[in-house]
Each structure stands twice: as structure tokens, then as C-alpha cells.
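# pasted the sequence and its predicted model underneath.
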Amino acid sequence: MTTLQAPASFTQENPWEMAREQLRRVASLIDIGENMLNVLLECKKAVEVSVPVRMDDGSVLVYDAFRVTHNVARGPSKGGIRYHPAVTLEETKALAMWMTWKCALMGLPFGGAKGGVVCDPKSLSQLELERLTRRYTTEIINQIGPEVDIPAPDVGTSPQVMAWIFDTYSMNKGYSVLGVVTGKPLHVGGSLGREEATGRGAGFCVREALRKRGHELAGARVAIQGFGNVGANLAFLLEEAGGTIVALSDSTGGIYNPAGVSVEAAKAHKREHRTFEDFAEADAITNAELLALDCDVLAPCALEQVITGDNATEVKASIVCEGANGPTTLEADEILHDRGILVLPDVLANAGGVVVSYFEWVQGLQEYFWKLDEVNAKLNDIITRAFEETWRMHVEREISMRQAAYALAVGRVSEATVTRGLYP
Ligand code: NAD
């Protein structure tokens, strides 16, 4: 038996400390009191499991894995599952806390959770991935459930992975439990519009932010880092709305064309070659160069802490849309704010996914499914309302959009906690 070793984390700041510090700063703004702060600074539950998996060559690898619930004051916990070599417990805890704020900001009846397996899904065969997913699900089976904690996809996991989680849980119960997980494929209880929901929600936020600054999506020049679920869908939607996508990237590097990159052509190239390398209609750039491009909107849609104290002064975009979770460090956040760059924080900008996950959960519980137009219209309502509420607080209190979003969210979670009271 071999135990897979995780590589050193790519993050500069401890994400959990970063999330806690963000909370402390907001707590001082809205004065929730020390007792409440102490409760919210901790995760309710963190489970660490080992996941032995038989590989195709007959050997057994053991993977470290986690499931963390940060808070359930407003309802069952909700949050994605990440498959990535750099997953850590601290990162998972930070992501769980951010989910609590995101659900509260959107007004959803959920708390926050997150899960992760320390693995490189690209190096696994489909059968290995399935065995890993089924064993991980079994190890956390007492933690999850439609009324308890509802996972969803995140980096490195897909609708297929959600289908295996749904099936494993249902097999153990003896009947199909649609509400146990969201982001499922359509033919096993998924929701129309879920796959593109995070990108769509980010697109709505960019549209509203441009409007506040007297502009429209048409003609906006956009650079997007990350071409997975969030980045690729955002690119398609903004291009469709008349935006010019000047740059795209993935983990291997990026492409740049000031006149615009055809998203469809870039996707076709990536499908064939698995990278953007040698894409004829644009110049090759690095991920670092992409962040410093001259554009109107920069959307980091890959991993955490890509905009740091070292490169925040080089950002030229006037709007940063955080498609990824935690892409801006605390130091970078202050630099961008001081430079007058409008940062649309992750808890607002990438909340479209959890909103449509909520719709999928509701549809699953009712076993009654909605039309795509209905899903997208309801998503637009919720995101636009949350954007307006955040904007109003940002203007009235003269604080950043991140602080405004956190202030609203933390206030709502505190209110629910006080109203419910401390058990026993
Ligand atoms: P994904 O696995 O589908 O795609 C990730 C993309 O980022 C890929 O194109 C990958 O090549 C690229 N990437 C990885 N490492 C990179 C690096 N070092 N530099 C540049 N690019 C890199 O993941 P996703 O679901 O699109 O998630 C992306 C981010 O959005 C994550 O922070 C995730 O937590 C967040 N998010 C996702 C959802 C969702 O519904 N999928 C919802 C909310 C937030």
C-alpha cells in the first residue's frame, strides 16, 4: 500500500487564516460582538478520512480526503468537492466558511461546507476515478444527506462524479435520493442550466458592474484566467453578449489577441490538443502576463491567490470579477481598492452555481423539473438582487464590495444564530 503525498500548496497565505481575518475585519465593521465572532471563526465539524483505492495495475493507493461543515444556522450545509493535488484541510475549511457567506448573501436556506480529495484526477483512469469517488462517498456517508450536507462539483470534479456520489449514497439507502448532491447530469435529476450557472451568474455581475460605471457588456474587453466550468462558460456568455474576449488561459498557459479570441475556436483547439499551445489566431502569453493585460474586466476563474501583493499594482483592468474562490490575497485586495479597481468578490461573483444547485435540490425534493428559461430568470433575479444589496451597502458605508458582501452575509448568519439561540 502506498500513500499519495500531497505537493506543497501553491498558496502564499494560509487560506484558512485569510478567511478568518476577512471575518474579523467585517465583524469590527458591523459589531456582531465577541461571542458571535468566536462562534463564526470556527468550523462546526471537520472530518478527515483515508480513501484506499485499487488501481488498474492491482496496486492500492491511499488518498487523504476531507469534508468540512462551517455553519448550519440557516439550513443544511452546502458546498463543492474538489479533486486536486494541493487540497489541504486548511483550504477546505476556508472554502467551507466562504460557502456560508455565499449562501447567506444569496438568501438561500443553506449553511456552508466543502470537501476535497488530495489527488490528481487527470492521472486516474475513469474506473479509478469511480472507485475513488465511491469509497470517498462511503467514508463520509454519515456526514452528507439532503437535510444535512449537500455536496456539488468544484475544481477537478464533474457531473459524472456527482452521479457516482448520488448512486453510492442511494445504494446504501436502498432508494434514489435525488437531493443528496447537486450538479448531477440531467438524466439523473440534474437541473437545466446548472452546468453554466456559475459562469452565467458571474456574467450577470459583470453586466451590473459595467452599468454602474455607465458602460454595457457590448464592447467590454475581457481577460479570463482558467478555462474550466466557470471560465469557459463565462467566456461564451460574455462573447454572446457582445464582449470581446482578449485573453484566455488554462494551467499550461494562455492566449492573447487584442482584437478578440473566438471562444468556440479556442475551445475546439483545446479539445483537440488539450492545451492552447500553437493556437494560430492569438499570441501565447503566460498566466502572469494575462493578469496584467490592458482590458476592462479581468476574471480570475482558476485557483486561489493569483492576485497578490507582488502583482496587484500591475492589474490594469477597472473591474476584477472573482470567478474563482479566494483569487485575491488580503494585501492585494487593499491595493486594488486603493487603486479604485472595483473587485466583485467571489461570494457574489461565483454564487450562480450554488443558486442553481439550490434550484436543483428543490426540484429533486419535489421531483418536478423546471424549464431552462425559468431557471435562468430566477437566477438573474437572485444574483441581481444580491448585487444591488451589496452595491447599496458599498456606497452607503463607503466600503469595498467584498466588505459589503461579507457584512450582509455575516449579519444574516448572526441574526439566524441569535434567533435560534445557543443549544442547550
Ligand atoms: P475546473 O476544474 O472546471 O477548471 C479549472 C480551470 O483552471 C482549468 O481550465 C485549469 O486548467 C485552470 N487552472 C488550474 N490551475 C491553474 C493555474 N495555476 N493557472 C491558471 N489556470 C489554472 O474548475 P471550475 O469548476 O471552473 O472552478 C474554478 C474556480 O471556480 C475554483 O476556484 C472553484 O472553487 C470556483 N467555483 C466553481 C464553481 C462551479 O460551479 N464549478 C462554483 C463556484 C466557484
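Here it is on my side, so go on.
# which helices and strands sit right next to the helix or strand harbouring Val343?
When elements are assigned from DSSP states H and E, Val343 belongs to strand 342-344. Applying 3 or more CB pairs under 8 Å, 6 or more residues apart in numbering; DSSP states H and E, one finds that strand 342-344 contacts helix 197-212, strand 319-321, helix 330-338, helix 401-420. Quick note: C-beta positions are derived from backbone N, CA and C, even for glycine.
# check contacts around Ser125.
Asp56 (CB atoms under 8 Å, 6 or more residues apart in numbering).
# same thing with the one 10 residues further on?
Under the criterion of CB under 8 Å, 6+ apart, the contact list for Arg135 reads Val51, Pro52, Val53.
# circling back to that earlier point, pLDDT averaged over the helix or strand that the strand holding Val343 is followed by - what is it?
Using DSSP H and E, the helix or strand that follows strand 342-344 towards the C-terminus is helix 346-349. Mean per-residue pLDDT for helix 346-349: 97.
# what about helix 346-349, near the ligand?
No: for helix 346-349 and the ligand, the contact criterion (CB under 6 Å from any ligand atom) is not met; the two come no nearer than 7.0 Å.
# contacting residues around that helix?
Here helix 346-349 has contacts from 98, 101-102, 105, 201-202, 205, 321-327, 383, 386-387, 390, 401-402, 405-406, 409, using CB under 8 Å, 6+ apart.
# from the residues you listed, which are also near the ligand?
Within the contacts of helix 346-349, those near the ligand by CB under 6 Å from any ligand atom are Gly323, Ala324, Asn325.
# what residues does this protein put near the ligand?
153-156, 198, 225-231, 249-251, 287, 301-303, 323-325, 350, 353.
# hmm, back to that, ranking the helices and strands packed on strand 342-344 by burial, who's on top?
strand 319-321 (a mean of 26; mean count of other CB atoms under 10 Å).
# neighbours of Val343, how many?
24 (other CB atoms under 10 Å).
# give me the nearest residue to Ile150, chain neighbours excluded.
Lys78 (5.1 Å; CB to CB, 6 or more residues apart in numbering).
# please pull out the lowest mean pLDDT helix or strand from the chain.
strand 2-3 (a mean of 39; mean pLDDT, DSSP states H and E).
# buried ones in the next helix or strand after it, by neighbour count?
Sequence order places helix 15-30 as the next helix or strand after strand 2-3, per DSSP H and E. Neighbour-count burial for helix 15-30 flags Pro15, Trp16, Met18, Ala19, Arg20, Gln22, Leu23, Arg25, Val26, Ala27, Leu29, Ile30 (criterion: 16 or more other CB atoms under 10 Å).
# do the same with stretch 387-399
For stretch 387-399, the neighbour count (16+ other CB under 10 Å) marks Phe387, Glu389, Thr390, Trp391, Met393, His394, Ile399 as buried.
# from the rest of the structure, what touches that stretch?
29, 105, 204-205, 208-209, 212, 348, 400-401, 403-405, 407-408.
# swap in 6 Å and give it another go.
Cys205, Glu208, Leu348, Met401, Ala404, Ala405, Leu408 (CB atoms under 6 Å, 6 or more residues apart in numbering).
# count of residues packed around the residue in the stretch 151-300 of the chain positioned nearest to the ligand?
Residue nearest to the ligand within the stretch 151-300 of the chain: Gly228 (1.7 Å; CB to the nearest ligand atom). For Gly228, the count of nearby residues is 18 (other CB under 10 Å).
# in terms of pLDDT, where does it sit?
93.
# ok, and the most crowded of the ones next to the ligand among the contacts of helix 346-349?
Most surrounded of these: other CB under 10 Å gives Gly323, at 32 neighbours.
# contacting residues for the spatially closest residue to that residue that is not a sequence neighbour?
Using CB to CB, 6+ apart and skipping the chain neighbours, the partner closest in space to Gly323 is Cys301 (3.3 Å). Applying CB under 6 Å, 6+ apart to Cys301 gives the contacts Ile224, Gln225, Gly226, Val230, Gly231, Gly323, Ala324.
# low-confidence ranges, the chain, go.
Along the chain, the model assigns pLDDT under 70 to residues 1-11.
# for it, what spans make up the strands?
2-3, 45-54, 60-71, 77-84, 111-118, 149-153, 221-225, 244-250, 253-256, 283-285, 297-300, 319-321, 342-344 (DSSP state E).
# and the longest one, which residues are buried?
Spelled out, it's strand 60-71. Applying 16+ other CB under 10 Å to strand 60-71 flags Leu61, Tyr63, Asp64, Ala65, Phe66, Arg67, Val68, Thr69, His70, Asn71 as buried.
# correct me if wrong: the third one contacts Val118.
It stands for Asp64. Yes: proximity of Asp64 to Val118 meets the contact threshold set by CB atoms under 6 Å, at 4.5 Å.
# got the CA positions of stretch 236-246 in PDB?
Below are the C-alpha coordinates for stretch 236-246, written out as PDB (Å, rounded to 0.1, in the frame of the first residue of the first chain):
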ATOM      1  CA  PHE A 236     -19.100  32.100 -24.000                       C
ATOM      2  CA  LEU A 237     -21.700  34.200 -22.300                       C
ATOM      3  CA  LEU A 238     -19.800  37.500 -22.400                       C
ATOM      4  CA  GLU A 239     -18.900  36.900 -26.000                       C
ATOM      5  CA  GLU A 240     -22.500  36.200 -26.800                       C
ATOM      6  CA  ALA A 241     -23.500  39.500 -25.100                       C
ATOM      7  CA  GLY A 242     -21.100  41.400 -27.400                       C
ATOM      8  CA  GLY A 243     -18.000  41.500 -25.200                       C
ATOM      9  CA  THR A 244     -14.500  41.000 -26.700                       C
ATOM     10  CA  ILE A 245     -12.600  38.200 -25.100                       C
ATOM     11  CA  VAL A 246      -9.000  39.400 -25.400                       C
END
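# and that stretch, which residues are buried?
Buried-residue list, stretch 236-246, by 16+ other CB under 10 Å: Phe236, Leu237, Leu238, Glu239, Gly243, Thr244, Ile245, Val246.
# residues touching the fourth one, list them.
Listed by CB under 6 Å, 6+ apart, the contact partners of Glu239 are Ile245, Val263.
# about what we covered before: whichever of the contacts of Arg135 end up buried, select them in ChimeraX.
Applying 16+ other CB under 10 Å to the contacts of Arg135, the buried members can be selected in ChimeraX as follows:
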select :51,53
